[in-house]
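>>> sequence and predicted model, in that order:
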Amino acid sequence: MAKMWAGRTDGGTDKLADDFNSSIKFDSKMYRQDILGSMAHASMLGGKNIISKADADKIIDGLDGILTDLENGSLEIDYSCEDIHMFVEQVLTQRIGDVGKKLHTARSRNDQVALDTRMYLRDRSNAIINKITNLISAILLQAEEHKSTIMPGYTHLQRAQPITFGHHLMAYAMMLLRDVDRFNDLNKRINICPIGCCALAGTTYDTDRRFEAEKLGFSDIALNSIDGVSDRDFCVEFASASAMLMMHLSRFAEEIILWSSWEFKFVELSDAYTTGSSIMPQKKNSDMAELVRGKTGRVYGDLIGLLTMLKGLPLAYNKDMQEDKESVFDAADTVDMCLDVFAPMVATMKVLTENMKLAAQKGFINATDLADYLVKKGLPFRSAYKICGQIVGDCIKCGQVLETLSIDEYKKYSDLFETDLYEEISLETCVKKRISEGGTSPESVAKQIEFVKEKIQ
Ligand code: ARG
């Protein structure tokens, strides 16, 4: 097939060079956006009498037919074409004749590809927002059920203070809420229309860029034609928000993997989201969570690939930029899959509350509360801290915990200790009393749940 751009050269490129140059293998995903963009363009050309109204209608009809046929499978993508833009224009001209050759008036593939990519990512971004929201909903249900379930809270992966499982889960809800914010925010910058920037300098035709932008649902147009065709910030932002989201999912995944281990046994994943071993009959592996953790690396790669491709790139369009698509497509596909499996995995996760409670009872995680008890009786915190440290050290030596040490023993460390201390250091009290805003008390967790619920509505 002769190249559409044959003229200056004979278009007779080497077969390997053709394959190397071609992007249709991956940009054919954007056929819908390409066709809708072309319809809006033809409509503008007709409206501004750049081509006749009759020609514009013929083109729009032809494009509509191509879209229908691609969607119902009666037209197949010809992968020998250079890219999706060339393919659509080629089929159009085959179907409606020379009129089809008028479509590319007052535009270039440079603004066309930027337009398609923006329209495509806009859809993907909105779909991701919905999927994050689904995951948040699954978290909210578990958090609601476990707003009073006691578990050890960790710092340095050492048992630190008692918390509720609901509180721990809500930390992830907050992270994911920021992810929703980030995608919503970057959507504002995706939603700027580049069509009409043409190759780089704009055009001599009396076009109406705002008409096209409005028809395609954009909120504004790119105000500098060189920037319009060179800007891929929106791709970087999309990959960046995806990388951040994956980082959050991978932290959550890592905890689920730990919690599922025999060493913790805080949760049990549903069989639907685990696998067995081909050799060890006892195994139940958290493969889905592990894969989410693993796939985070490739999304980081997508981001770094994009940033590196754009680094030092002179204005305006350079073919390097064709590399943008596989990165953002891969990031979008990966994020989609991970969110799809994560939400039901969390929703069906069984929480082993007894094991959490047992673990919480073993690590002196109420030592801070014991110190606070002395503080409330008038001792400066540092002195209280020191006494309690000694008590913990002695308890470890004689195999006791703070709850089992007798009041007579306590009195040896300080006269301020009375029997009401036992109530003060019970894990339930420790948790219930942490009423500071954002704290772990069931009351505070309930407030967090309400807040997030309202946000995602
Ligand atoms: N396939 C190209 C891309 O994805 C389309 C733009 C081509 N423009 C050009 N001047 N060769 O970037």
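Structure received.

>>> for this protein, which residues are neighbours of the ligand?
By CB under 6 Å from any ligand atom, the part of the chain that sits against the ligand consists of Ser23, Asp27, Asp83, Arg109, Asn110, Val113, Tyr317, Lys319, Met321, Gln322. For the C-beta atoms, the positions are set from N, CA and C on the backbone; glycine is no exception.

>>> residues contacting the last one?
If you count contacts by CB atoms under 8 Å, 6 or more residues apart in numbering, Gln322 has them with Ser23, Val113.

>>> what about the strands in the stretch 251-400 of the chain?
267-268, 350-351 (DSSP state E, counting those that start in this stretch).

>>> got a list of contacts for the last one?
Strand 350-351 is contacted from outside by Gln142, Glu145, His146, Thr149, Phe165, Phe266, Val267, Glu268, Leu269, Ser270, using CB under 8 Å, 6+ apart.

>>> now do the lengthiest helix in the chain: which elements does it pack against?
Using DSSP state H to define each element, the chain has its longest helix at helix 109-145. Contact analysis of helix 109-145 by 3 or more CB pairs under 8 Å, 6 or more residues apart in numbering; DSSP states H and E lists helix 31-47, helix 84-96, helix 165-190, strand 192-193, helix 225-230, helix 233-260, helix 324-347, helix 442-456 as its packing neighbours.

>>> kindly calculate the angle that that helix makes with helix 165-190.
With axes from the mean of the first three to the mean of the last three CA atoms, to 10 degrees defining the directions, helix 109-145 sits at 160 degrees from helix 165-190.

>>> tell me the buried residues in helix 109-145?
Using 16 or more other CB atoms under 10 Å as the test for burial, helix 109-145 gives 109-122, 124-125, 128-129, 131-140, 142-143.

>>> what about the protein, any weak spots by pLDDT?
Per-residue confidence of the chain (counting by pLDDT under 70) places the weak regions at 1, 11.

>>> recalculate using a threshold of 50.
Low-confidence regions of the chain, defined here as pLDDT under 50, do not occur.

>>> number of residues surrounding Leu307?
Around Leu307 there are 15 other residues, counting by other CB atoms under 10 Å.

>>> correction: the previous question concerned Arg382.
Here the number of neighbours of Arg382 (other CB under 10 Å) works out to 9.

>>> re the thing from before, and Asn72, which of the helices and strands packed on helix 109-145 is closest to it?
Distances from Asn72 to each of the helices and strands packed on helix 109-145 were compared by CB to CB, and the smallest falls on helix 31-47, at 12.9 Å.

>>> quick one: contacts of the helix or strand just after that closest one?
Going down the chain from helix 31-47, the next helix or strand is helix 53-72, by DSSP states H and E. Judged by CB under 8 Å, 6+ apart, the contacts made with helix 53-72 from elsewhere in the structure are 31-32, 35-36, 38-39, 42-43, 45-47, 51, 75, 77, 88, 91-92, 95-96, 99-100, 102-103.
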